[in-house]
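Engineer: Please work out how this folds:
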Amino acid sequence: MKPMARWYLVSVLALAAAWRVAGAEEAATAQKPDATCVGCHGPAGSKPTTPDTPRLAGQASDYLVHALLQYRDGQRQNPIMGAMAKSLSDAQIHALAQYFAAQPGLTTRY
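Structural biologist: Numbering: from 1, shown residues only. Below is the predicted model of the structure:
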């Protein structure tokens, strides 16, 4: 193998390994959402404490990301969620959305 090709291959493999580690760290943080989420949305987002609080478990990840970004940016108005979302980074929002989307949600039978 030519030295340049070897350097390229090693660089690609190192980049892939770094990307995989970053993804694993994000997934690890998503496994245990902050206790403040549980306070209103219940364990794993499946048992809201009030009828007005949405169930997060099983919601589409894209929808949850969109909603959290809107709360963070002030496009959605809710004093509690606005305050909670303000401190979240994009990576944290995506990790939370993935966590809640992976939880068992309601199934509707017709």
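Engineer: and Gln70, what does it touch?
Structural biologist: Neighbouring residues of Gln70 by C-beta atoms under 8 Å, 6 or more residues apart in numbering: Arg76. Heads up, the C-betas are built off the backbone N, CA and C, glycines and all.
Engineer: now Tyr71
Structural biologist: Residues in contact with Tyr71 (C-beta under 8 Å, 6+ apart) are Asn78, Met81, Gly82, Met84, Ala85.
Engineer: Pull out the buried members of these.
Structural biologist: Using 16 or more other C-beta atoms under 10 Å as the burial test, the contacts of Tyr71 include Met81, Gly82, Met84, Ala85 as buried.
Engineer: Any stretches of this structure with poor pLDDT?
Structural biologist: The model of the chain has pLDDT under 70 over residues 1-34, 107-110.
Engineer: returning to that earlier point: and the buried ones among the contacts of Tyr71, which is closest to Leu69?
Structural biologist: Lowest distance from Leu69 to the buried ones among the contacts of Tyr71 (C-beta to C-beta) belongs to Ala85, with 7.9 Å.
Engineer: Sort out which of the buried ones among the contacts of Tyr71 are in helices and list them.
Structural biologist: In helices, judged by DSSP state H, the following of those are found: Met81, Gly82, Met84, Ala85.
Engineer: isn't the second one right up against Gly74?
Structural biologist: Yes. In this structure, Gly82 is within contact of Gly74 by C-beta atoms under 8 Å, at 6.7 Å.
Engineer: Helices of this structure, residue ranges please.
Structural biologist: Using DSSP H, helices in the chain cover 3-30, 35-41, 61-73, 79-86, 90-102.
Engineer: Quick check: buried residues in the second one?
Structural biologist: Just to be clear, that refers to helix 35-41. Cys37, Cys40, His41.
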